[in-house]
Structures are given as structure tokens and as C-alpha cells.
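[1] 3D model of this:
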Amino acid sequence: MQRILLVLTAILLGAITAAALWQHGYWGLLAGQFETWGGVQVLVDLAIALTLVLVWMWRDAQATGRNVWPWVVLTLVAGSFGPLGYLLTRQAHSPPPPTTMPSD
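    Numbering: from 1, shown residues only. I've put the predicted structure just below:
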């Protein structure tokens, strides 16, 4: 179910992004964010959120032995497509077994 939601999110985001790129171009998407303080705030908020996601991806990739660099580059170039791709290609792994205290 989670994978279906991720795929649907990626498809919807892709459609919205394609329409915006067709109408405004890549630089046109960014230029509009600098026209008002509200736009700047949204851009800064997005940068903070994606930075937090990049930190999570980095740690998760280290824990699972994945190469995070393609997803980092995609995130820096295409925003949320990086984390969505990372999550779509992430293999579910079982949590480590609980540790028990040795008895005296």
C-alpha cells in the first residue's frame, strides 16, 4: 500500500512539474519564488525540509549499505523526486533483534 502511494505521489508530482516546466521553464520556476517574501519563505522552507530528508537518506543509506549519491544529486537538481526515488527503490529490512541483558 505504501509503495502505491509513493508511485501515485511521484506520478502526480511529475504531471504538475511537467506542466510547470512547459509553461515557465526551469529557471522560471525559481524566479517566481524571489518576487515576494512569501515566495522566498516557501523556497527556504523547502530547502530546510529537503536538507532534513537528505540527512535521513544519508543515515539510512549507511545503515543499509546503499549508495546515496545518485539520490542526493537528484534531490539537489529535482527536489522531491530524489527522496521519492530513494523510497521507491528502498528494500524493506527487518529491524535488528532486541538485545537482551546477560543475567547474573
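[2] Could you pull up the contacting residues of the residue most central in space within the chain?
    Nearest to the mean C-alpha position of the chain, by Cα atoms, centre = their mean, lies Pro83 at 2.4 Å. Under the criterion of Cβ atoms under 8 Å, 6 or more residues apart in numbering, the neighbours of Pro83 are 50, 53, 57, 71, 75. The way it works is simple: take the backbone N, C-alpha and C, and place the C-beta from them, glycine included.
[3] how near is it to Trp37?
    To Trp37, Pro83 is 27 Å away according to Cβ to Cβ, to the nearest Å.
[4] just Thr75 next, same as before
    To Trp37, Thr75 is 25 Å away according to Cβ to Cβ.
[5] Got the phi and psi for Gln2?
    Backbone dihedrals for Gln2, given as degrees, to the nearest 10, come out at phi -60, psi -40.
[6] any residues touching the helix or strand harbouring Leu13, and which ones?
    Element membership for Leu13, per DSSP states H and E: helix 2-24. Outside helix 2-24, the residues that touch it by Cβ under 8 Å, 6+ apart are 29, 32, 78, 80-81, 84-85, 87-88.
[7] Keeping just the C-alphas, turn the helix or strand following that helix into PDB.
    Note on helix 2-24: by DSSP H and E, the next helix or strand toward the C-terminus is helix 26-31. Provided in PDB are the C-alpha atoms of helix 26-31 (Å, rounded to 0.1, in the frame of the first residue of the first chain):
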ATOM      1  CA  TYR A  26      13.300  25.500 -15.200                       C
ATOM      2  CA  TRP A  27      14.600  29.000 -14.300                       C
ATOM      3  CA  GLY A  28      11.100  30.400 -14.400                       C
ATOM      4  CA  LEU A  29      10.100  28.100 -11.600                       C
ATOM      5  CA  LEU A  30      12.800  29.600  -9.400                       C
ATOM      6  CA  ALA A  31      12.500  33.200 -10.500                       C
END
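[8] Understood, closing this out.
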